[in-house]
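Chemist: Give the three-dimensional model of this entry:
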Amino acid sequence: MPQNENTASMIESFDQVKDTLPGAWLLDTRSNAIRSFEAQGYPTPRTEEWKYTNLNRLAREGFHPASDIGSPDVSDWSDLRVNGASRIVILNGRYDAAASDIGEMPDGISIAPLSDAMEDIAPDLEGQLAQIAPFDGGGLVALNTAFMRDGVILKLADGVQIARPVQVLHLVDAGGVALAVHPRTLVVAGDNSTATIVETFAGGVDTAYWTNAVTEIKVGRNASVSHVKRQAESVRAYHTALTQVRLDCDARYRSIALATGAALSRNETRVAFDGSGAEASLAGGALLRGRQHADNTTEADHTVPYTNSKQVFRNVLDDGSHSVFQGSVIVRQGAQKTDSSQSNRNLLLSAGAQAYSKPELQIFADDVKCAHGATTGDLNKDALFYLQSRGITTSQATLLLIEAFIAEIFDELPEGPVGDHLADAVSAWMEGAV
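Modeler: Numbers count the residues shown, from 1 in each chain. Predicted coordinates for the structure are as follows:
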């Protein structure tokens with residue numbers, strides 16, 4: 001991959017902080033990862049997968065690794081809490097025990113901040129951390145592996161079901177310090193287990209920083225994991241994230257990712273089907289305005305027969321904002337009876353908004369059912385006129401149509417506090433939509 005001259009500052013930062021990072025047993029892994037980053041560099045538009053998202057501005061910024069700085073009052077973000085959820089707060093890249101509220105957990109569930117878990121050499125952690133998403137998978141993953149300081153480790157024993165959601169609340173507000181935080185989350189769901197994970201990202205108003213997150217998820221036989229992500233970073237922030245998922249036989253993974261924040265964001269979700277009968281449903285989108293740029297890149301890699309995947313992404317763009325959808329489905333040779341679909345729709349509210357859509361199918365088997373589609377357009381004039389003819393104002397009619405459009409990604413989300421969490425994000429954005 002093309003190198004970027006700005007990698008030197010990150011390598012220098014690593015040399016300064018490597019001895020302060022938790023988990024001495026990880027030093028070799030971290031050192032190998034930073035060398036991998038040095039070789040790969042920041043991804044550039046010359047790489048096909050990054051054709052529509054340029055990180056030059058991010059690479060030129062002078063971001064500092066998370067360090068001992070003052071902690072702001074987390075009560076300012078109380079509206080981001082999911083009611084009834086077990087909550088872990090990662091503040092400025094570090095676990096905040098005082099703001100967290102894990103509560104009582106049933107037997108068979110292990111949940112801990114990554115910084116604590118890394119202090120002990122646990123054979124199972126050593127064999128799983130940075131294995132589902134290895135650092136040679138890309139420059140940003142390598143950078144996360146080198147600098148990862150905190151995050152969450154969640155493990156479910158066979159047959160265990162978590163009744164309430166687990167929320168990981170990532171908050172950044174370091175005053176005038178432009179931080180680079182690299183949170184790492186590992187979720188291992190045993191056979192026949194069930195869990196709902198909510199990741200929420202936010203920052204101080206008008207604060208410049210970079211969140212570079214990696215989430216690793218392994219779903220066991222007949223297990224089910226629902227994964228919800230709300231990205232509401234500062235409008236001056238950068239957000240890059242990878243979620244790497246592996247599914248065993250009859251496993252089910254459902255994700256919904258909604259972006260309303262950050263100047264530039266990229267949410268990447270990759271699912272590997274390791275067992276027959278596995279299912280994955282990926283939904284998401286972005287609500288953008290100003291000069292915001294949001295990229296949703298996905299990959300469903302069907303390697304075995306009788307697996308299903310579904311992708312539904314919706315973007316609403318105002319002013320001069322940009323959205324990207326790159327959805328890849330790979331059906332390997334021998335992965336017969338695969339059923340896969342992709343749908344990307346984009347709603348442009350202004351002439352300056354732009355949407356890039358690139359659905360892609362790579363099929364190497366002959367007994368499959370695969371489909372994809374993409375549309376881009378403005379508000380339906382007939383629907384708008386119909387609502388106005390019923391006495392609804394133009395502003396109210398516009399909001400109703402926008403809300404109905406984005407609501408399609410929530411179809412499989414059950415009612416309750418998790419759904420309310422995403423509905424609040426839509427409502428907050430809609431307040432300034434007209």
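
Chemist: Just checking, which helix or strand succeeds the lowest-mean-pLDDT helix or strand in the chain along the chain?
Modeler: When the helices and strands of the chain are scored by mean pLDDT, DSSP states H and E, helix 123-126 comes last with a mean of 72. Using DSSP states H and E, the helix or strand that follows helix 123-126 in sequence is helix 139-147.

Chemist: returning to what we had before: name the helices or strands packed onto the least confident helix or strand of the chain?
Modeler: Using 3 or more CB pairs under 8 Å, 6 or more residues apart in numbering; DSSP states H and E, no helix or strand is in contact with helix 123-126. The C-beta positions use only the backbone N, C-alpha and C, and glycine is treated the same way.

Chemist: What are the buried residues along stretch 400-415?
Modeler: 401, 402, 405, 406, 409, 410, 413 (16 or more other CB atoms under 10 Å).

Chemist: in the least confident helix or strand of the chain, what counts as buried?
Modeler: residue 125.

Chemist: about what we covered before: sort the buried residues of stretch 400-415 by pLDDT and name the bottom one.
Modeler: Least confident entry in those, by pLDDT: residue 413, with 78.

Chemist: roughly how far apart are the residue nearest to it when sequence neighbours are not counted and residue 24?
Modeler: Using CB to CB, 6 or more residues apart in numbering and skipping the chain neighbours, the partner closest in space to residue 413 is residue 419 (4.9 Å). As judged by CB to CB, to the nearest Å, residue 419 and residue 24 stand 43 Å apart.

Chemist: returning to that earlier point: where does the residue nearest to residue 413 sit: helix, strand or coil?
Modeler: helix (DSSP: H, G, I helix; E, B strand; the rest coil).

Chemist: Let me see the confidence value for it.
Modeler: 92.

Chemist: do residue 70 as well
Modeler: The per-residue pLDDT of residue 70 was computed as 62.

Chemist: quick one on the thing from earlier: ok, how many other residues are close to the residue nearest to residue 413?
Modeler: The number of residues packed near residue 419 is 15, by other CB atoms under 10 Å.

Chemist: And for the one 10 residues further on?
Modeler: Per other CB under 10 Å, the neighbour tally for residue 429 reads 21.

Chemist: Send over the helix or strand hosting it as PDB, restricted to the C-alpha atoms.
Modeler: Element membership for residue 429 (DSSP H and E) is helix 417-430. Output of helix 417-430 as PDB, limited to C-alpha atoms (Å, rounded to 0.1, in the frame of the first residue of the first chain):
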ATOM      1  CA  PRO A 417     -34.300   1.700  25.300                       C
ATOM      2  CA  VAL A 418     -31.900   0.700  22.500                       C
ATOM      3  CA  GLY A 419     -34.300   1.700  19.800                       C
ATOM      4  CA  ASP A 420     -34.900   5.000  21.700                       C
ATOM      5  CA  HIS A 421     -31.200   5.600  21.800                       C
ATOM      6  CA  LEU A 422     -31.000   5.700  18.000                       C
ATOM      7  CA  ALA A 423     -34.400   7.500  17.700                       C
ATOM      8  CA  ASP A 424     -32.900  10.300  19.900                       C
ATOM      9  CA  ALA A 425     -30.000  10.600  17.400                       C
ATOM     10  CA  VAL A 426     -32.400  11.000  14.500                       C
ATOM     11  CA  SER A 427     -34.500  13.600  16.500                       C
ATOM     12  CA  ALA A 428     -31.500  15.600  17.400                       C
ATOM     13  CA  TRP A 429     -30.400  15.800  13.800                       C
ATOM     14  CA  MET A 430     -33.900  16.600  12.600                       C
END
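
Chemist: chain center to that helix: distance?
Modeler: Taking CA atoms, centre = their mean, to the nearest Å, one finds the center of helix 417-430 at 17 Å from the center of the full chain.

Chemist: in it, what's buried?
Modeler: Quick answer for helix 417-430 (16+ other CB under 10 Å): 418, 421, 422, 423, 425, 426, 429, 430.
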